[in-house]
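Q: whatever this is, show me its structure:
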Amino acid sequence: MRDGGNVVLRTPTWNDLDDLLSLINSLVEEGANIIVDKRVTRQEEIEWLSKALARLERDEAFYLVAEVDGRVVGNSELTRETGGRDSHVGRLGIAIREGFRNLGIGTEMMKALFEQARVWGLKGVMLGHFATNERAHRLFQRIGFVEVGRIPKKFLKDGRYTDEIVMVKMLD
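A: Numbering: from 1, shown residues only. Sure thing, here's the model as predicted:
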């Protein structure tokens with residue numbers, strides 16, 4: 001990491017359940033620009049992790065967590081469609097706990113996701129983010145994403161509508 005600390009990027013396991021629950025709920029409490037808008041229960045996180053691990057095993061999705069000092073501080077995913085006309089494009093998402101941003105963790109996670117996308121033979125990856133999330137937008141631009149459109153008023157947060165910015169990165 002930029003601060004000299006070490007981060008481990010790896011696929012999640014059942015042992016990460018409590019850390020993943022803590023991560024998502026910390027983002028909700030922070031009011032982060034994510035789709036989830038209320039605290040997640042342990043049962044809901046069990047159901048999400050169960051589905052995620054099954055998709056990972058079937059090679060339908062790829063998940064990475066970022067671990068610092070034995071604690072999960074970031075989560076990311078790359079999904080792909082199979083069998084359709086869009087099976088050459090993936091979709092990704094990423095979230096980093098407050099206090100661990102701007103340390104290079106997100107950039108390294110994205111590089112690993114791009115590596116997996118290439119293994120799958122994808123030609124490009126896309127993502128969407130809150131238009132108000134300028135930090136994420138700068139990161140995505142810096143690593144090669146290009147804004148290709150906006151969905152007006154996609155998100156409702158704190159009584160205000162926010163556009164979704166859609167971005168794409170083509171892979172070589």
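Q: all contacts plus neighbour counts: C-alpha atoms, from now on.
A: OK.
Q: and for the helix or strand where residue 154 lies, what's in contact with it?
A: Applying DSSP states H and E as the criterion places residue 154 in strand 146-157. Contacts to strand 146-157, defined as C-alpha atoms under 8 Å, 6 or more residues apart in numbering, come from residues 35, 130, 140, 161-169.
Q: please redo it, this time with the cut-off set to 7 Å
A: 161-169 (C-alpha atoms under 7 Å, 6 or more residues apart in numbering).
Q: in the lowest-mean-pLDDT helix or strand in the chain, what counts as buried?
A: When each helix and strand of the chain is scored by mean pLDDT, DSSP states H and E, helix 134-142 comes last, with a mean of 91. Residues 136-137, 139-140 are the ones in helix 134-142 that count as buried (16 or more other C-alpha atoms under 10 Å).
Q: now it against strand 146-157, angle please.
A: Computed with axes from the mean of the first three to the mean of the last three C-alpha atoms, to 10 degrees, the direction of helix 134-142 lies at 160 degrees from that of strand 146-157.
Q: could you export helix 134-142 as PDB, CA atoms only?
A: Output of helix 134-142 as PDB, limited to C-alpha atoms (Å, rounded to 0.1, in the frame of the first residue of the first chain):
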ATOM      1  CA  GLU A 134     -15.900  11.900  -7.800                       C
ATOM      2  CA  ARG A 135     -13.100   9.900  -6.100                       C
ATOM      3  CA  ALA A 136     -14.200   6.700  -7.800                       C
ATOM      4  CA  HIS A 137     -14.600   8.500 -11.100                       C
ATOM      5  CA  ARG A 138     -11.100   9.800 -11.100                       C
ATOM      6  CA  LEU A 139      -9.700   6.300 -10.200                       C
ATOM      7  CA  PHE A 140     -11.700   4.700 -13.000                       C
ATOM      8  CA  GLN A 141     -10.400   7.300 -15.500                       C
ATOM      9  CA  ARG A 142      -6.900   6.900 -14.300                       C
END
